[in-house]
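Peer 1: Please find the sequence and the predicted model below.
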Amino acid sequence: MALSMDATVQVKVDYPGITNHEAIGLSPMQDINIPSAYIRIMKVEGNKSNLAFNVEYLSNNERVAVRWFEFTPSMSGDNFIKQAYRHLKSLDEFSGAEDV
(Lines give C-alpha, C1' and ligand atoms only; values in the text may rest on other atoms or scores of the structure.)
Protein backbone atom coordinates (compact mmCIF):
# COMPACT_ATOMS: atom_id res chain seq x y z
CA MET A 1 0.00 0.00 0.00
CA ALA A 2 1.27 3.48 -0.89
CA LEU A 3 0.17 6.81 -2.36
CA SER A 4 1.24 8.75 -5.42
CA MET A 5 0.90 12.46 -6.13
CA ASP A 6 2.79 15.62 -7.03
CA ALA A 7 4.00 16.68 -3.58
CA THR A 8 5.54 19.74 -1.99
CA VAL A 9 7.41 19.03 1.23
CA GLN A 10 9.24 21.29 3.67
CA VAL A 11 12.72 20.02 4.52
CA LYS A 12 15.39 21.30 6.87
CA VAL A 13 18.38 22.84 5.11
CA ASP A 14 21.89 22.78 6.54
CA TYR A 15 24.18 25.73 5.95
CA PRO A 16 27.65 24.38 6.84
CA GLY A 17 29.72 26.85 8.80
CA ILE A 18 26.83 29.32 9.25
CA THR A 19 25.37 29.40 12.76
CA ASN A 20 23.22 32.54 12.44
CA HIS A 21 21.45 31.63 9.19
CA GLU A 22 18.13 33.21 10.21
CA ALA A 23 19.82 36.48 11.18
CA ILE A 24 21.24 36.84 7.68
CA GLY A 25 18.00 35.88 5.94
CA LEU A 26 18.55 32.17 5.27
CA SER A 27 15.57 30.02 6.18
CA PRO A 28 16.25 26.70 7.93
CA MET A 29 13.27 25.23 6.04
CA GLN A 30 12.82 24.97 2.30
CA ASP A 31 9.97 23.71 0.09
CA ILE A 32 10.88 21.05 -2.42
CA ASN A 33 8.61 19.85 -5.20
CA ILE A 34 8.46 16.12 -5.88
CA PRO A 35 6.58 15.33 -9.11
CA SER A 36 4.91 11.90 -9.09
CA ALA A 37 6.13 11.21 -5.56
CA TYR A 38 5.77 7.68 -4.23
CA ILE A 39 4.63 8.07 -0.62
CA ARG A 40 4.75 5.19 1.84
CA ILE A 41 4.45 4.67 5.56
CA MET A 42 7.63 3.21 7.00
CA LYS A 43 7.15 3.07 10.77
CA VAL A 44 4.16 3.16 13.11
CA GLU A 45 4.42 3.49 16.88
CA GLY A 46 2.15 4.41 19.73
CA ASN A 47 -0.84 3.11 21.63
CA LYS A 48 -4.63 3.12 21.50
CA SER A 49 -4.71 6.83 22.37
CA ASN A 50 -2.20 8.09 19.81
CA LEU A 51 -0.30 6.65 16.86
CA ALA A 52 2.69 8.35 15.26
CA PHE A 53 3.97 7.25 11.88
CA ASN A 54 6.64 8.37 9.48
CA VAL A 55 6.02 8.90 5.82
CA GLU A 56 8.77 8.51 3.24
CA TYR A 57 8.64 10.48 -0.03
CA LEU A 58 10.47 8.86 -2.93
CA SER A 59 11.36 10.07 -6.40
CA ASN A 60 12.91 7.64 -8.87
CA ASN A 61 13.25 5.11 -6.03
CA GLU A 62 15.37 7.51 -3.94
CA ARG A 63 14.24 8.93 -0.61
CA VAL A 64 13.76 12.68 -0.84
CA ALA A 65 12.08 13.46 2.49
CA VAL A 66 10.63 11.90 5.65
CA ARG A 67 7.91 13.43 7.83
CA TRP A 68 6.04 12.37 10.96
CA PHE A 69 2.28 12.46 11.45
CA GLU A 70 -0.02 11.38 14.26
CA PHE A 71 -3.66 10.51 14.81
CA THR A 72 -6.00 8.79 17.25
CA PRO A 73 -6.71 5.27 15.98
CA SER A 74 -9.98 3.39 16.13
CA MET A 75 -9.78 0.18 18.10
CA SER A 76 -12.72 -1.27 16.16
CA GLY A 77 -11.61 -0.21 12.68
CA ASP A 78 -9.14 -1.44 10.10
CA ASN A 79 -5.54 -2.21 11.00
CA PHE A 80 -3.36 0.72 12.02
CA ILE A 81 -1.55 0.95 8.67
CA LYS A 82 -4.81 1.27 6.72
CA GLN A 83 -6.03 3.84 9.24
CA ALA A 84 -2.80 5.82 8.85
CA TYR A 85 -3.20 5.95 5.05
CA ARG A 86 -6.83 6.98 5.48
CA HIS A 87 -5.71 9.73 7.87
CA LEU A 88 -3.18 11.03 5.32
CA LYS A 89 -5.83 11.17 2.61
CA SER A 90 -8.07 13.18 4.95
CA LEU A 91 -5.45 15.96 5.12
CA ASP A 92 -5.62 18.84 2.60
CA GLU A 93 -2.03 18.34 1.49
CA PHE A 94 -2.84 14.77 0.38
CA SER A 95 -6.21 15.54 -1.23
CA GLY A 96 -5.01 14.57 -4.70
CA ALA A 97 -3.20 11.40 -3.63
CA GLU A 98 -4.01 8.15 -5.41
CA ASP A 99 -3.65 4.65 -3.99
CA VAL A 100 -0.92 2.65 -5.73
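Peer 2: Sure thing, it's come through.
Peer 1: Please compute how far the helix or strand encompassing residue 35 lies from its chain's middle.
Peer 2: Using DSSP states H and E, residue 35 maps to strand 29-46. Distance of strand 29-46 from its chain centroid, counting by C-alpha atoms, centre = their mean, to the nearest Å, is 4 Å.
Peer 1: Show me what that strand is in contact with.
Peer 2: Contacts to strand 29-46, defined as C-beta atoms under 8 Å, 6 or more residues apart in numbering, come from residues 1-13, 51-59, 61, 64-66, 70, 73, 80-81, 84-85, 88, 94, 97, 100. Placement of C-beta: from N, CA and C, glycine included.
Peer 1: Stretch 63-77 too?
Peer 2: With C-beta under 8 Å, 6+ apart, stretch 63-77 has contacts from 9, 11, 32, 34, 37, 42, 46, 48-58, 80, 83-84, 87-88, 91.
Peer 1: Would you mind getting the angle between the host helix or strand of residue 82 and strand 29-46?
Peer 2: Element membership for residue 82, per DSSP H and E: helix 80-90. Angle of helix 80-90 versus strand 29-46, following axes from the mean of the first three to the mean of the last three C-alpha atoms, to 10 degrees, is 150 degrees.
Peer 1: Give me the helices and strands touching helix 80-90, please.
Peer 2: Here helix 80-90 touches strand 3-12, strand 29-46, strand 51-59, strand 62-71, going by 3 or more C-beta pairs under 8 Å, 6 or more residues apart in numbering; DSSP states H and E.
Peer 1: again, only this time at 10 Å
Peer 2: On a contact count with 3 or more C-beta pairs under 10 Å, 6 or more residues apart in numbering; DSSP states H and E, helix 80-90 meets strand 3-12, strand 29-46, strand 51-59, strand 62-71, strand 98-99.
Peer 1: and the strand holding residue 35, average pLDDT?
Peer 2: The average of the pLDDT scores along strand 29-46 is 93.
Peer 1: low-scoring stretches of this structure, by residue?
Peer 2: Low-confidence segments of the chain (pLDDT under 70): 15, 18, 21-24, 26.
Peer 1: Please repeat the previous calculation with a cut-off of 90.
Peer 2: 10-30, 48, 75-78 (pLDDT under 90).
Peer 1: Would you mark the buried spots in the helix holding residue 82?
Peer 2: 80, 83, 84, 85, 87, 88 (16 or more other C-beta atoms under 10 Å).
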